[in-house]
Structure formats: structure tokens, C-alpha cells
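Peer 1: Here is a sequence with its predicted model. Questions after.
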Amino acid sequence: MSLVARHIEANGIPTVMIANARDIVEYCGVPRLLFVDFPLGNPCGEPFKADQQRDIVSRALDLLEMATEPRSTVVAPYVWPHGNDWKRLIFSDEQAFLSEEGTERWLEAKEQYRHDKLEGKV
């Protein structure tokens, strides 16, 4: 979505992103970002918290209106009420994305795809 926002912006339509992965979104160079420090999948707030969700969207619209320079980032003033344990699980080796066996299977499948592509099967 970050690259789409940049493309839309380059064609004259202002954009604002509401996102959880600040480092990734800022690296992509979006013009405006409202960062919500919640687990991935919750950029607009906690489930079933309509007032909070409306406030986050309102803050994004305010940012769209008031940002004065490229790559403007505003941090939403919310704290995930269930603690920060989700960060430890995501940003550490403790919960690796794939097991060693899963990584091995993925690498084998990747090599098979390369082979099939060279033979024109893909």
C-alpha cells in the first residue's frame, strides 16, 4: 500500500496512510503517515472500539489537511491495552516465522520454481 500511496500522490492526489509497521512504511517514503503502535492488523484501533476507531480516522484526515512537508509522520496517542508482549513475540527469534523444517521446505519449493521457470513450465 505504501508504494501505491506514493504513486497516487505523484499523480496529484493527496494520500495518508494509517499503519502499524512504522519502519517499513517510512522506508517506503509515504507522504503522510499516522502511526498507531498496535499489533499488525489493528491500524484503525482495537476491535469493537468505535470511538477510538473514529478518532484515529479523524486524526488521519487532520494529517491529510495539515501536513506541511513530505514524509510527515504523526504518532497516535494510544497504547495497546493488552501490554507490549506482542512486540517481543514479533521482533525476536523466539517466535521465528518458519521452523527450520519449514524454512527448508520453502527453500526447496523456491528452487523447484526456478527450475520449472527455466524449463518454461511456469
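Peer 2: Looks like it arrived, so ask away.
Peer 1: tell me how far the ends of stretch 17-25 are from each other?
Peer 2: Between the opening and closing residues of stretch 17-25 we find a distance of 8 Å, counting by C-alpha to C-alpha, to the nearest Å.
Peer 1: Also stretch 68-76?
Peer 2: Comparing the first residue of stretch 68-76 with its last one, the separation is 18 Å (C-alpha to C-alpha).
Peer 1: Can you point out the buried residues in it?
Peer 2: Residues of stretch 68-76 classed as buried under the neighbour-count rule (16 or more other C-beta atoms under 10 Å) are Ser72, Thr73, Val74, Ala76. Quick note: C-beta positions are derived from backbone N, CA and C, even for glycine.
Peer 1: how about a markdown table for those residues, with secondary structure and distance to Phe35 added?
Peer 2: Converted to a markdown table, the buried residues of stretch 68-76 look like this (DSSP: H, G, I helix; E, B strand; the rest coil; distance: C-beta to C-beta, whole Å):
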| residue | secondary structure | distance to Phe35 |
| --- | --- | --- |
| Ser72 | strand | 11 |
| Thr73 | strand | 6 |
| Val74 | strand | 7 |
| Ala76 | coil | 7 |
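Peer 1: Among the residues you listed, which one sits closest to Lys121?
Peer 2: Taking C-beta to C-beta as the measure, Lys121 sits nearest to Thr73 out of the buried residues of stretch 68-76, at 45.1 Å.
Peer 1: Look at the residue nearest to the closest one when sequence neighbours are not counted and give its secondary structure.
Peer 2: If you skip the residues right next to it in sequence, Thr73 has Leu33 as its closest partner in space, 4.5 Å away by C-beta to C-beta, 6 or more residues apart in numbering. When the structure is split into helix, strand and coil by DSSP: H, G, I helix; E, B strand; the rest coil, Leu33 lands in strand.
Peer 1: Now do Pro31 against Asn11, distance only.
Peer 2: As defined by C-beta to C-beta, to the nearest Å, Pro31 lies at a distance of 12 Å from Asn11.
Peer 1: Could I get the average pLDDT for the helix or strand hosting Trp106?
Peer 2: Taking DSSP states H and E as the criterion, the element that holds Trp106 is helix 100-118. Mean pLDDT, helix 100-118: 84.
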